[in-house]
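Engineer: Sequence and predicted structure below; questions after.
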2 protein chains.
Amino acid sequence: MQIPFKTLLEINKESSLPIYVQIANGISQNIQAGILKTGTKLLGTRQMAELLEVHRKTVVAAYDELYSEGWIEVFPQKGTFVAQHLPTVKPVEFSVKQENTSHEIPNLTIAQNAIIKIPPVITHRLAFNDGLPDIRLAPREELARLYAHYIKFGDSSILQYTNPYGHIRFREVFSAFLNETRGMNILPQNILTTRGSQMAFYLIGSALFQKNDEMLVGSLNYPAANMTFESLGLKLNIVPIDEDGIVVDAVEEICKQKSMSNTPIKAIYITSHHYHPTTVTLKPERRIKLLALAEKYDFYIIEDDYDYDYHYANRPVLPLASADRHGLVIYLGSFTKRIAPTFRVGYIVAKQEIIDELAKYRRIMDRQGDTILELSLADMLEDGTLKRYTTKAVKTYRERRDFTCDLLKNELGNIIDFKIPDGGMAIWAKFDKSISLMELSEKVGKKGLYLSNGSAYGDLNACRMGFSSMNLKEMEESVGILKVVI
Amino acid sequence: MQIPFKTLLEINKESSLPIYVQIANGISQNIQAGILKTGTKLLGTRQMAELLEVHRKTVVAAYDELYSEGWIEVFPQKGTFVAQHLPTVKPVEFSVKQENTSHEIPNLTIAQNAIIKIPPVITHRLAFNDGLPDIRLAPREELARLYAHYIKFGDSSILQYTNPYGHIRFREVFSAFLNETRGMNILPQNILTTRGSQMAFYLIGSALFQKNDEMLVGSLNYPAANMTFESLGLKLNIVPIDEDGIVVDAVEEICKQKSMSNTPIKAIYITSHHYHPTTVTLKPERRIKLLALAEKYDFYIIEDDYDYDYHYANRPVLPLASADRHGLVIYLGSFTKRIAPTFRVGYIVAKQEIIDELAKYRRIMDRQGDTILELSLADMLEDGTLKRYTTKAVKTYRERRDFTCDLLKNELGNIIDFKIPDGGMAIWAKFDKSISLMELSEKVGKKGLYLSNGSAYGDLNACRMGFSSMNLKEMEESVGILKVVI
């Protein structure tokens, strides 16, 4: 058989790979594909060089490589052959792309996880997102300067491997910050950094609970948290949320039932400050009652304080974690909402026994955090940059909240029902039944405005409308688009 | 009872928190702690102001906050009281730190994961580490410039949320790079970025397999991979590794047995290029045979190509993934060894069906990658920075390997047995039985030199000795320390 080397070996003179490597790669690939069979005689170096229009030395170099690796054998006077000891490969049709193969793999059927949904990437010019910061306000100059500094001048404690807890300096600075500003009483060893609150959900769900453990969540609740806990096999029991936050009497009722049936509630997940999605705040008597219930029924309170800083009515309410006396509160939050989602540092605060166990799972899942980002944040916490920025952002977002609420009330008050949120970055908007939110979302999307279709909240015809990432002009335009389409 | 407000409310005039917030926080915390009971009368604003040595308006502001949040009630002519409707809290001893509580939590005993070990952070001046890059050689100027650029000028596609697969530009550039340089035939949708190979192990182990699925690994093997797969409940079957890589006849034998007992092998994990820890390379006939076995017995080949670039003998051997015709190879690697461990971008290459499933788990575990780092790497791949740096690093590391091997042979040849590795960044060193590696590691540690104690490899009295992160002078000093101690 005439071997069609010319078509088997594609040489690309523009490539960054030396040509002799391309030839060696091509021949070894053809051997592995069963195209060049065991014992096949290769062209002599002179003929091959002519055929491929390369220098003979190039082919010699390629054959040397293949020989030293064991792909080919050389017999003096006879020539060069594909090594005899290589196993025979049954060729498949050449040039079949991986994508199109239909090899049957009975053992390897991939179990499709139906719980996890991948969220859409919002690329619209205007967006009522879930409540995200305005990246135009972020302290980007300062952060860029710090990042560049650490990349250029960082020593091996910064650039080599570190521990999975997070960089010690961040944990020192941040624990002092939490003690001072959020009434906590913690040490650096009570903190583990994460990649945003998403990783916190996952770590807590995997390290502290077993499959089928019972958990409480509010209705409604942050969909990503539910999705994560459910994916890990936890059983979610739903408790109503009213205007004062989660209904603690209902919590007690379920705890009692579950205790009796010997499947005790192991944890409750709450966003006590501004409940996601509805933005209500957990009221004092319920805070006290919930802590007492956790003690009585032995369950953890997983307190997600995702937007602590953005409170407009009065001071931010101290987290439950600040009143926890028995290490039952696992507190988490992130800097995602403080700067921009791309900078992923979150944190878990809990008693050390828990942190140590979570760190193990972080080690096998993620190895460690973003040391440079952690150090940059520590610097910005210490020198006041983050505080100055947050003060400015709170002022701006309060203004945007007021402007948006006024505008919606005046322009669409007969169609959108909402309460002015005390804090956070979004409005919980219920749409009149005469409007299909699903259709509305699609229509305004075509006009460059993102609006959630509300599908995460079933058939409530409601969604969150983030107001913080658009300035007043953009907000006017967005409400204008909504009005025109409606 | 006289309430000791002066000691209950600590005012810190240096704090970044306004004083009225400190007072409000203090009072609400004392209520939650059961120190200030329901119905307790608070001091009038004038008296409280005198006691705390603050302006009366400050106390009024604090009481206003507490009133609007529902912590206190005001009765005209009578005074201010802790709200009647709050639940009664049984106080615990004041000033008990979270750390020291001994509340019994029968439901919440934390299952200690005994498989996962947290590695030590190496802080020694000199280090025979596991084989890490020299951070002094990394393209830090360029990376700092790119990072700063994207932080300052990135638009919302860079700074807001993106998809969990990794930034599309990185996947485009990197798939083209793999196709050109490693003989692959893939599209951007065949790539998922990860936080280093560690996350790749975890994602593959969680998304594609069930608990108790059977897997093959070599003896010896990369300890972190074993640890991750075992933590996820996979059963590891051990196959010997000799000087030509994993023994494929033994692989076939186990596959046959396990098939018959209806517990088929689902995957094999290999580091085909430079086996960790022993640094051998998988030989051609075994590559071909292993691919054929994967087809015959329907198992995945998880190919960890963690230090592809660092091959000194000849061209790097193409990965098995380049000869995979049925989508059975799941290829992974990372940039950790290319730049510095702190920059965590790894990748998984596989057929799209697999990538889509892995992306779901990435979404709940980590949400997304480091967009800015991915874009910076894409730029450095495109403009040749990474190639120039790698060429320089390979030259330097080859020199260091040769120097180290000569030095060890001459100075400690009677005590340390090793083969010169064809590639990679470490030597696999077996120590003479007259030396206890455990003790040696401890002793040189005190002299500022890190040497693994070999405990990860049982009682072999052997360890990896990374040579790439020390220059020749440091290496001389390190070998000198070893010699003195021995």
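Structural biologist: Arrived safely.

Engineer: CA atoms for contacts and neighbours, from now on please.
Structural biologist: Noted.

Engineer: For the stretch 351-486 of chain A, list the residues in contact with chain B, please.
Structural biologist: Counting by Cα under 8 Å from any Cα of the partner chain, the residues of the stretch 351-486 of chain A lying close to chain B are A:351-352, A:354, A:357, A:360-361, A:363-367, A:370-372.

Engineer: mind listing what the residue nearest the centre of chain A touches?
Structural biologist: Central residue of chain A (Cα atoms, centre = their mean): A:Gln198, 5.8 Å from the mean position. Contacts were defined as Cα atoms under 8 Å, 6 or more residues apart in numbering or on different chains; by that measure A:Gln198 touches A:Ala224, A:Ala225, B:Ile364, B:Met365, B:Asp366, B:Arg367.

Engineer: May I ask you to name the longest strand in chain A?
Structural biologist: Ordering each strand of chain A by length in residues (DSSP state E) puts strand A:235-242 first.

Engineer: Tell me if it is near chain B.
Structural biologist: No. With Cα under 8 Å from any Cα as the measure, strand A:235-242 is seen stopping short of chain B, the closest distance being 15.9 Å.

Engineer: tell me what that strand is packed against?
Structural biologist: Counting contacts by 3 or more Cα pairs under 8 Å, 6 or more residues apart in numbering or on different chains; DSSP states H and E, strand A:235-242 packs against strand A:214-219, helix A:223-231, helix A:248-260.

Engineer: which of those sits most buried?
Structural biologist: Mean neighbour counts were taken over the helices and strands packed on strand A:235-242 using mean count of other Cα atoms under 10 Å in any protein chain shown, and the top value, a mean of 22, falls to strand A:214-219.

Engineer: List the neighbours of that one that are in contact with it.
Structural biologist: Counting by Cα under 8 Å, 6+ apart, the neighbours of strand A:214-219 from elsewhere in the structure are A:226, A:234-241, A:246, A:251, A:263-270.

Engineer: farthest residue from the center of chain A?
Structural biologist: In chain A, the residue that sits farthest from the middle, by Cα atoms, centre = their mean, is A:Gln77; the gap is 63.0 Å.

Engineer: on that earlier part again, please spell out the ChimeraX selection for the buried subset of the residues of the stretch 351-486 of chain A next to chain B.
Structural biologist: Remark: buried members of these, expressed as a ChimeraX selection using 16 or more other Cα atoms under 10 Å in any protein chain shown:
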select /A:351,352,354,357,360,361,363,364,365,366,367,370,371,372
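
Engineer: before we move on, back to that, mind listing what the following helix or strand past the longest strand of chain A pairs with, with the direction of each?
Structural biologist: Going down the chain from strand A:235-242, the next helix or strand is strand A:245-246, by DSSP states H and E. Counting by DSSP bridges, the strands paired with strand A:245-246 are strand A:235-242 (antiparallel).

Engineer: near chain B, which residues of the stretch 201-350 of chain A?
Structural biologist: Checking the stretch 201-350 of chain A against chain B by Cα under 8 Å from any Cα, the hits are A:202-203, A:207-208, A:224, A:227-228, A:264, A:266, A:283-285, A:288-289, A:292, A:298-299, A:314-315, A:318, A:322-323, A:325-327, A:340-344.
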